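> model this:
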Amino acid sequence: STLSVVQRMSDLFSGGADALATLQVLVGSLKWFRNKKAVSKNESLLRSILRVIRSLGSARQDNGRSFDINFKADLPPLVDLFLYTRQGDLRAELCEILELILAGSEASASELSKFCGLCKDLNAVSSAKIGEIDYDRRLAAYSAIEGLAWASLGPVAPTAQKILLHQCVFDLTEIDDFSMQ
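Numbering: from 1, shown residues only. As a prediction, this is how the structure comes out:
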């Protein structure tokens, strides 16, 4: 099945040009998940694709290589998943992948680190209670958005703003808790 193939891809392509080509195909395949229905219907496939993307991206980064993708063409489907994905573990995976991708951009490393940290904090879950939101981290992250130096994010700024907008819409429409709204 397709799921089995995707799950084994990280073992098949351990480095070099094959890994880069696989990454580009998998990041491009995220466009299949263009709405909530597609995400929920194919959650295990999405989970596998994200796991392989993170694994291959981490391996490239460990070898001193960037996550070479076309920001304008390849990043929008990943960004849109911040709007459509409800599962906390998948949202955390998206944050990890985003951090790997943005590390290769021309933006200020310190501001990118802050932004990626905000994304993780906006999706934080409690370490004390299973399945609970970490309200303190999430609310602190919303407060910290104003402190981002948007100009230092350079060409990443529009993407970062769209991710934060998607996060806000997600929290307003998907979280059944008035304190987050």
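
> quick one: the strands in the protein?
Here the chain has no strands by DSSP state E.

> what about the longest helix in it?
helix 43-62 (DSSP state H).

> What lies in contact with stretch 74-85?
Here stretch 74-85 makes contact (C-beta atoms under 8 Å, 6 or more residues apart in numbering) with 24, 27-28, 30-31, 33-36, 38-39, 46, 69, 90-91, 94, 97-98, 101, 159, 162-163, 166-167, 169-170. Glycine gets a C-beta too; all of them are placed from N, C-alpha and C.

> again, 6 Å this time
27-28, 30-31, 36, 39, 91, 94, 159, 162-163, 166-167, 170 (C-beta atoms under 6 Å, 6 or more residues apart in numbering).

> where in this structure is pLDDT low?
For the chain, applying pLDDT under 70 flags the ranges 1-17, 66-72, 175-181.

> where exactly do the helices run in this structure?
Using DSSP H, the helices of the chain run over 2-12, 16-29, 36-41, 43-62, 71-84, 88-102, 109-122, 135-144, 157-173.

> Show me what the fourth one is packed up against.
Using 3 or more C-beta pairs under 6 Å, 6 or more residues apart in numbering; DSSP states H and E as the contact criterion, the neighbours of helix 43-62 among helices and strands are helix 2-12, helix 16-29, helix 88-102.
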